[in-house]
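Novice: fold the following.
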Amino acid sequence: MGVKTLINTNYYISIKLEKICRELYDDKFAKWILKNKNPTELLFRIADEVGVVLLPGKGFAVQPPSARASLANLNEYQYASIGSSLRKLAEEYYAEFKSKSKNNK
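Specialist: So this is what the prediction gives:
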């Protein structure tokens, strides 16, 4: 995915949407994500688009938007698909963020 904010624990990887959005775009957008987006959408979006069910990043409390992906039982193409889906989600959110920011000026 080209983002270096993933935490590797040797058996799963922690995917934090806030950090991904901050690295791809900026801090203002990352803060907007936390305030305006449903934290579970990330999980459902990946499941729907990729066919892989990820665990919530902080257990079942889910906040903030994050996920855990197993490093033990997925194929390489599935990890690539997860990354592509995450980038697409971030791009869509960013377009919405820019649109709403423009309308609020």
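
Novice: which residue, neighbours along the chain excluded, lies closest to the spatially most central residue of the chain?
Specialist: The chain has L17 as the residue nearest its centroid, 3.4 Å off, counting by Cα atoms, centre = their mean. Distances taken as Cβ to Cβ, 6 or more residues apart in numbering put P65 closest to L17, at 4.1 Å, once the chain neighbours are dropped. (Glycine included, C-beta is placed from N, CA and C.)

Novice: which residues touch the one you found?
Specialist: Going by Cβ atoms under 8 Å, 6 or more residues apart in numbering, P65 touches 16-18, 33-34, 37-42, 57.

Novice: pLDDT (mean, whole number) over stretch 97-105?
Specialist: The pLDDT scores in stretch 97-105 average 84.

Novice: just to revisit the earlier point, with secondary structure, pLDDT and distance to S99 as extra columns, can I get the contacts of P65 in a markdown table?
Specialist: Shown next, in a markdown table, are the contacts of P65 (DSSP: H, G, I helix; E, B strand; the rest coil; pLDDT from 0 to 100; distance: Cβ to Cβ, whole Å):
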| residue | secondary structure | pLDDT | distance to S99 |
| --- | --- | --- | --- |
| K16 | strand | 88 | 24 |
| L17 | helix | 89 | 19 |
| E18 | helix | 89 | 20 |
| I33 | helix | 93 | 15 |
| L34 | helix | 90 | 18 |
| K37 | coil | 90 | 14 |
| N38 | coil | 87 | 18 |
| P39 | coil | 82 | 22 |
| T40 | coil | 85 | 23 |
| E41 | helix | 88 | 18 |
| L42 | helix | 87 | 20 |
| G57 | strand | 79 | 27 |
